[in-house]
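> Predicted coordinates and the sequence they were generated for:
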Amino acid sequence: MTVVDTPEKLQAKDYASDQEVRWCPGCGDYAILKAVQRTLADLQAPREKTVFVSGIGCAARFPYYVSTYGFHTIHGRAPALATGVKLANPELDVWVVTGDGDALSIGGNHLLHVLRRNVNLQILLFNNEIYGLTKGQYSPTSHAGTRSPSTPTGSVEAPVNACAFALGSGARFVARSVDTLQKQLPDVLKRAQAYEGASFVEILQNCIVYNDGVFGHFTDKATQADAQVHVVHGEPLIFGKNRDKGLRLNPKTIELEVVTVGEGGVGEDEVLVHDETNLRLAQMLAAMEPPHLPVAMGVIYNDPAPSYETLVHQQRREVREKNGLKDGQLPDINELLRGGYTWTVE
Amino acid sequence: MEGSAALRTAHKRIELEHAVVRFAGDSGDGMQLTGSQFTLATALAGNDLSTFPDFPAEIRAPAGTTYGVSAFQIHFGAREIKTSGDELDVLVAMNPAALKVNLDEVKPGGLILVDVGAFGDKNVQKAGYEASPLADDSLKAYRVVEIDMSRHTQEAVKPFGLSKKEALRCKNMWALGLVYWMFGRDRSATEAWLKGKFAGREEIADANIAALRAGEAFGETAEMPTGVHTYAVPPAHIDAGLYRNVTGTEAMAWGLLAGMRLAGLEMTFCSYPITPASQLLHALAGLKQFEVTTFQAEDEIAACAAAIGASYAGKVGVTSSSGPGVALKTEAIGLAIATELPLIVVNSQRAGPSTGMPTKTEQSDLYQAVYGRNGDSPLIVLAARSPGDCFEVGIEAVRLATRYMTPVIVLTDGYIVNASQPWRIPDFNDYEPFPAKFATDPEGFHPYTRDAETLARPWAIPGTPGLEHRIGGLEKQDVTGNVSYDPANHQKMTDLRAEKVRHAADDIPEQTVEQGETSGRLAVVGWGSTYGPISRAVHNLRAQGHGVSHIHLRHIWPLPRNLGELLGGFDKVIVPEMNNGQLVTLLRAELMIPAHRVDKVTGKPFKISEIEAAMRAELED
C-alpha cells in the first residue's frame, strides 16, 4: 500500500493508492479524483507531507484512493480534525474532502468556524445536492421540490448556497468548479493550494444514481457557454457562446444584470471587471443562478489574511521570548511547580 | 472547637486540634478571595488544611438572594486534615441569605458572626425570612455575634475617599481581619497580596488593608460577648518538605505538562468552555512557554476531533470537559479507539443528568467513562483522589495513552478541581521518563502491526517519508489497516482492542491498601474525591479498635490485576460513592464480589460521619 519515493518526477498515477476505487460507475467523483491527482503531480506535492482528511459520505472515501497520508474521520467533523492536524504540524499540506450533507448539514458548525478562523486548509466540497451513501435523501443544497425517499411529495426547504455560506462565514478564498471541467478544475485547485488560509472550493458533482443531471441546465455542453461565467481577476465579466454577454451592476436595484455588449448602445466599459478582493462583488457573483444569471465559476473571492495556526504559533513564540527561552530550550518544570507562595516544613 | 467554655481569655488562646470556618456572603462580596487568603495564612501558620469553595451557577445573581450566596469553607488543624469538614465551628454570614443557606451546617453551639449592617428589612425579606432571625429565638442553639461590619468598614476606609459602594466592597477584608484575630493569623501575606492585586490603584489597596487591620483591631479592643474566644491551632505534624497550596485544576495542568516532558512530546489542548472544567483551559492557555498549544473550539465535538487530529500529527491531543460535554465527544472518542491514537479526555464531573447542577460535585460519570460509547469500545479510565493527586494522574494519563496508543479518560470532579490543599512539591527529576517512539522505517511497515509487549500499533505520523497510509473509523484489516468487512477479522480486531487495554493492567501498580490490613472483616473501597472522608472515617473507626481497611482506586479500567484477590480477603466490602452505585456495580460484575453500595447524590461531598455510620451498620449487621 505504500509507494516508496523515487527521485523521478511524480506523475498523476503516483498519487493513486493501491486501493480499488469503489464509487458507482459514472460517478463524478472519479473525475474529481483524477483532477486532484493531476494537480498534485503539477505541484510535485511531497506525498509524505500531504494529508487528506474527510468526514462521512461518498466523497469521504476519497483519502483511501490517494497515496498520501489520509484520515477518514466521522460525519461532519473533518474541518475540526484537520484544524488539530494543522495546529500540531503547520508544515503539512492538508486537504479536506467533504460533501453537501457532511459540510453543510451535520458539519455546518465546523465549516463556519474553520472558514472564519482561516486555518490553512484546502476544503473541497463535492456538491451533488443529494445524500448518496444513505441512498438518496434530499440534502441541504437540494432545491425546493426535490423528490426523494424522505420527501416523496417534494422537499419544502430553501436550499443553502455553499459559496454564499462560505463568504458569510468569513472565508477569504472561495471558488467554484464542476467535476467535468477537467481543464479549469486543476487550475482552481492550484490557486486554492497556494492560498495560505482556509480555501473553499465548491465542486458541483453529478450523482449518476440519485440526482443525475441536476446541474445539466448549466453544465451540459449545449448550455454551459451561456449559463456559466468564468471569472478571472482583472478581466471583464464576459461570457456566452459569442463572448458578447456581460455582467453589469444595476445601481437602482443594486443587483447584477446581464447585458449584451454592442446591443442598445452597451459598451464593454459598462461590464464589470472582476476584482477577486471585492467582497461585495463576490457575494453577488456567488449568489447568481440561472435562468436570469449565469453560474459563476473560478476564483470568486481571494483576499489573503494570516492563517490561524500562523498567529497561534506566533503568540507561542512571543511568550517564549518574553520568558527568555532560546530556540529549543524547555522551561523548567520544577520552577513551574515552585512558582507562587511556598513554605518549608522542617 | 470548644462549645460552652465561657471563660473569657484575653491573653491566653484556647488550643484546638482542628476547626472549620466558612465565609458566606453574596456572590459580589468576595468570599472566594477571602477564603483563599485565609487558606494561605493558615498554610503559612503550619496547619494542614482542606478547602471547599461553594459558589452559585449564576454569575451575578440578584444581590441578597439565597441563590446568590457564595461560600468558602476551610478545615484546618494540628493533625492531618483529609476533608473540608463535616460541621462548621465558625460561620461568617455577610447577609441574611448567607445565614439562611448555611445555618444547617453549623454545629450546635457553633459561632456565627453576622454583619448586622446587612440585616435591613429588604435583605431579610429577600432571603425569604418573614422577620429578622436575629430578633427571634431561632438561633438560640448557636452563639451569635452581631457586628455592624458595614459601618465599621466604612469608618475604617474613610480617609481614602472611596464611594460608598467601593467602601463596602472592603468589608470582606474587615471580616477576614476579625477572623485573623480570632485564630491568631499573620496578615502580612494578605497585605502583600492586596498591594499586588491593586497595583496601580493604591487607594483601593490601602483601603482594603485598612479594613483588614480594623477588623483585627476590633477583635482586640471591643468588648466581645461571652463565649467568644481567641484560639490557637498549633502546627500539624506534616512530612518535611517544600509546600504550596494547589487546586486540582493547577495540579492537572502541571501533571499533563510534566507528562509531556517525560514523553518528549508536545500537547495540543482542545476544549470548549463548560463548568467546572474551563479553568483547565485557562490554566494551560497561560502556560504557552511550555510544550502546549491551546485551542478553544467551536463545540465539544470539535474540541475532541481537533485533539485526535493533533495526536494523528504527532502531538498528544488532550480535551477537557464535564459530563454533558463528554457525552457530545463520545463518537469522536470511538474514532480514537478505532484508529488507535493517543487521546486524553479529562472529565471534571458534576451533578447530572443533563445540565444537572453545574457547580455541584458528583461522581456519576463512571459508567459513561467505562461503557458509554457505541460498539465494543474499550479505553483506559483513571481517577484522581485529591487536588495534589491530579499531578500524578495527569502524568499517568500521558504515559498510558502514548504507550498503548489509546484514549484515556481521567475523572476528576467539581470538588477536586476547585478545592485546594497544601501539596508537598515533588522533585520533577525523580520521575522516570517514558519517551514516545514514532515509526520511521518503511521496511515492512503496516499501520496495524502490533508491539509484542503492549499490543499497540505503530505511531506513524504525517511528514514521515515512506509511511504514507490511510486510517479511519471503518473497521480495518488486521496488520494492513485496509477497510475490511470480513466477519472473522472484525471478531479479531474487537478482541485485539479489548486485549490491548486489558494488557495495561500488567503495567499499572498492584492495588495497595491505604489503611488497615490486607484482609479482614470490612473493606471500604473508594475512588476519586471520596478519598478524604473515607480515609478519616476509617482512621476514626480503627482508633476505636475496629478492623476496617481503606482501599482507594486510581485505575478504574482496567482494574488492578490483584484487586479481585485482595477484596476476596474481606468478609464485607462497601463502596461509598457520590452516585447511584456505579463502581459497586462494576466491581460486582467484574470481580463477582458481593460489594454493598453507599451512595450520596446531594451535590455535596460525603461527611465523615456518614461513612462512619455506613461502616458501623456493616460491622453490626
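Happy to help now that I have it.

> beta partners of the nearest residue to B:Val101 once chain neighbours are set aside?
Nearest residue to B:Val101, sequence neighbours excluded (C-beta to C-beta, 6 or more residues apart in numbering or on different chains): B:Val69, at 4.6 Å. From N, CA and C alone the C-beta is placed, and that goes for glycine too. In this entry, B:Val69 is beta-bridged to B:Asp26, by DSSP bridges.

> So B:Val69 sits against B:Gly25, correct?
Yes. Counting by C-beta atoms under 8 Å, B:Val69 touches B:Gly25, with 7.2 Å between them.

> Report the set of residues contacting both of the two.
B:Ala98 (C-beta atoms under 8 Å, 6 or more residues apart in numbering or on different chains).

> mind giving me the domain split of the chain?
Assuming you mean chain A. When chain A is parsed with the TED database, its domains come out as A:12-233+A:274-302, A:308-338.

> Can you look at chain B instead?
B:14-232, B:244-430, B:513-620.

> most packed of those domains?
Comparing the domains of chain B by mean neighbour count (mean count of other C-beta atoms under 10 Å in any protein chain shown), domain B:244-430 comes out on top with a mean of 24.

> Let me see the mean pLDDT of it.
When pLDDT is averaged over domain B:244-430, the result is 97.

> Please apply the same query to stretch A:247-255.
Averaged over stretch A:247-255, pLDDT sits at 96.

> got the buried residues for that stretch?
A:247-249 (16 or more other C-beta atoms under 10 Å in any protein chain shown).

> Output it as CSV - backbone C-alpha positions only.
Below are the C-alpha coordinates for stretch A:247-255, written out as CSV (Å, rounded to 0.1, in the frame of the first residue of the first chain):
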residue,chain,number,x,y,z
LEU,A,247,-22.5,41.5,-16.2
ARG,A,248,-23.4,45.0,-15.2
LEU,A,249,-24.4,46.5,-11.9
ASN,A,250,-27.9,48.0,-11.9
PRO,A,251,-27.5,50.9,-9.5
LYS,A,252,-31.2,51.1,-8.9
THR,A,253,-31.7,47.5,-7.7
ILE,A,254,-28.1,47.0,-6.5
GLU,A,255,-28.1,43.8,-8.4
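
> Identify the residues contacting that stretch?
So stretch A:247-255 is in contact with A:229, A:237, A:256-259, A:266, A:270-272, A:284, A:293-294, going by C-beta under 8 Å, 6+ apart.

> Swap in 10 Å and give it another go.
A:229, A:231, A:236-239, A:256-259, A:261, A:266, A:270-274, A:280-281, A:284-285, A:287-288, A:292-294, A:296 (C-beta atoms under 10 Å, 6 or more residues apart in numbering or on different chains).

> what residue ranges in the stretch 1-150 of chain A are flagged as low confidence?
Residue ranges of the stretch 1-150 of chain A with pLDDT under 70: A:1-7.

> JSON lines for the buried residues of stretch A:247-255, including secondary structure?
As requested, the buried residues of stretch A:247-255 are exported to JSON lines (DSSP: H, G, I helix; E, B strand; the rest coil):
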{"residue": "A:Leu247", "secondary structure": "strand"}
{"residue": "A:Arg248", "secondary structure": "strand"}
{"residue": "A:Leu249", "secondary structure": "strand"}
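
> can you list these in CSV and add distance to B:Glu220?
Converted to CSV, these look like this (distance: C-beta to C-beta, whole Å):
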residue, distance to B:Glu220
A:Leu247, 86
A:Arg248, 88
A:Leu249, 82
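
> do you know how far B:Arg470 is from B:Val410?
Using C-beta to C-beta, to the nearest Å, B:Arg470 is found at 30 Å from B:Val410.

> Let me have the domains of chain B in CSV, extended by distance to A:Val36.
Converted to CSV, these look like this (distance: least, C-beta to C-beta, whole Å):
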stretch, distance to A:Val36
domain B:14-232, 49
domain B:244-430, 21
domain B:513-620, 42
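
> closest to B:Gly463 out of those?
Nearest to B:Gly463 among the domains of chain B is domain B:244-430 (7.4 Å), distances taken as C-beta to C-beta.

> Can you get me the start-to-end distance on the closest one?
Counting by C-alpha to C-alpha, to the nearest Å, you get 18 Å between the two ends of domain B:244-430.

> list the contacts for A:Leu189?
A:32, A:35-36, A:38-40, A:42-43, A:95, A:122, A:124, A:175, A:177, A:199, A:201, A:203.

> and those, which of them are in helices?
Using DSSP state H, the subset of those located in helices is A:32, A:35-36, A:38-40, A:42-43.

> What's the ChimeraX syntax to select whichever of these are buried?
Applying 16+ other C-beta under 10 Å to the ones in helices among the contacts of A:Leu189, the buried members can be selected in ChimeraX as follows:
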select /A:32,35,36,38,39,40,43
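
> So which of the ones in helices among the contacts of A:Leu189 is the closest to chain B?
A:Leu40 (12.2 Å; C-beta to the nearest C-beta).

> What distance do you get for the closest one to A:Ala16?
10 Å.

> Give the residues shared as contacts by those two.
With C-beta under 10 Å, 6+ apart as the test, A:Leu40 and A:Ala16 both reach A:66-67.

> Closest residue of the stretch 51-200 of chain B to chain A?
For the stretch 51-200 of chain B, C-beta to the nearest C-beta, closest residue to chain A: B:Ala189, 7.0 Å.
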